[in-house]
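Visitor: following is a predicted model, sequence given first.
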Amino acid sequence: MAELKGRTAIVTGAAGGIGSEIVEKLAREGVNLVISGRTEEKLKALQEAHKKSSKIIPVVSDVSKREDLQKIVDAAIKNFKRIDFLINCVGVSSQHSFWEQPLDEIEKVIWTNYYGYVMLTRLVVPYMKEQKYGHVVNITSGSVLVDPPPRNFIVYTSLKVGLRAWAKGLFWEMRDFGIKVTSIFPGVTRTPLTGKLKNIDDDRLMDPKDVADAVVYALQCKENTSVLEISVINQQTPWTQPVIPFKQDHPKGKN
């Protein structure tokens with residue numbers, strides 16, 4: 001296994017759900033962390049909880065804004081002089097029939113779930129290329145495995161399909177510079193976004209720790225081994241119908 005202690009990672013969407021679990025696992029491994037999210041109190045709580053095992057720099061940011069993305073990168077370089085791992089984990093959801101989907105929600109999903117991933121990676125990879133070392137991990141979605149995309153989620157899922165294609169292309173461009181690219185496809189997971197969904201049995205919601213374990217596994221693979229994609233789904237996930245019922249009042253919240 002590759003040694004993680006002393007490496008530097010950026011984790012977006014770190015204030016809750018899968019992101020905070022990734023932060024906890026990497027902190028225990030002794031990884032230096034720049035953690036990004038919208039809720040300062042939650043970021044500082046993670047910093048305090050792991051101050052004995054890891055140096056953590058919280059950066060309150062909105063990944064849909066380029067200046068905030070630059071702020072994340074600048075914090076990593078200022079404090080740690082390098083960026084070894086980028087974990088793109090931030091995400092928002094919008095569940096509506098397309099003809100009823102609010103225009104501002106479409107924009108938010110596009111800017112957060114696609115632009116934020118691609119632009120932050122673009123800002124980071126020059127440092128990785130110069131180091132001849134790096135690993136980009138994208139928390140994408142198990143919905144990319146469903147064809148056609150689940151109804152009520154077609155904008156969300158189509159963007160995730162685009163991320164999957166982009167990450168594959170990025171792998172081929174970056175691999176000769178010692179940079180790995182991994183996509184993680186989680187099924188419906190127990191997070192603040194899914195905690196209020198109706199008609200979903202608790203045993204159908206995966207533990208975010210299991211998704212975080214997949215991230216650590218990918219990062220720990222030997223230098224000549226690259227994990228391109230990992231699907232982490234519930235054993236009982238149906239492939240013939242969406243996991244989440246068609247009619248749903250999606251919970252509001254901040255990551």
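Guide: That came in fine, so what should we check first?
Visitor: can you pull out the strands in the stretch 1-150 of the chain?
Guide: Taking DSSP state E, counting those that start in this stretch as the test, the strands found in the stretch 1-150 of the chain are 8-11, 32-37, 56-60, 85-88, 134-139.
Visitor: which elements pack onto the fourth one?
Guide: In this case it means strand 85-88. strand 8-11, helix 17-28, helix 116-131, strand 134-139 (3 or more CB pairs under 8 Å, 6 or more residues apart in numbering; DSSP states H and E). Every C-beta, even on glycine, is put in place using the N, C-alpha and C of the backbone.
Visitor: quick one, what contacts the residue lying closest to residue 127 once chain neighbours are set aside?
Guide: Counting by CB to CB, 6 or more residues apart in numbering, the nearest residue to residue 127 once its immediate chain neighbours are dropped is residue 83, at 5.0 Å. Residues near residue 83 by CB atoms under 8 Å, 6 or more residues apart in numbering: 8-10, 73, 76-77, 124, 127-128, 134.
Visitor: need the residues that contact stretch 168-182.
Guide: Under CB under 8 Å, 6+ apart, the answer for stretch 168-182 is 121, 125, 128-129, 131-138, 167, 183, 215, 218, 223, 226-230.
Visitor: let's see it at 7 Å
Guide: Applying CB atoms under 7 Å, 6 or more residues apart in numbering, the contact partners of stretch 168-182 are 125, 128-129, 132-137, 167, 218, 226-228, 230.
Visitor: on that earlier part again, I'd like the strands of the stretch 1-150 of the chain as a markdown table, with mean neighbour count appended.
Guide: A markdown table is the format used below for the strands of the stretch 1-150 of the chain (neighbours: other CB atoms under 10 Å):
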| stretch | mean neighbour count |
| --- | --- |
| strand 8-11 | 27 |
| strand 32-37 | 28 |
| strand 56-60 | 21 |
| strand 85-88 | 28 |
| strand 134-139 | 26 |
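Visitor: what comes up buried for the host helix or strand of residue 158?
Guide: Residue 158 is part of helix 154-174 when elements are defined by DSSP states H and E. By neighbour count with 16 or more other CB atoms under 10 Å, helix 154-174 contains the buried residues 154-157, 159-164, 166-167, 170-171, 174.
Visitor: out of these, which comes closest to residue 36?
Guide: residue 163 (17.7 Å; CB to CB).
Visitor: my guess is the closest one meets residue 140, correct?
Guide: Yes - using CB atoms under 7 Å, residue 163 makes contact with residue 140 at a distance of 5.3 Å.
Visitor: and the gap between residue 33 and residue 185?
Guide: 24 Å (CB to CB, to the nearest Å).
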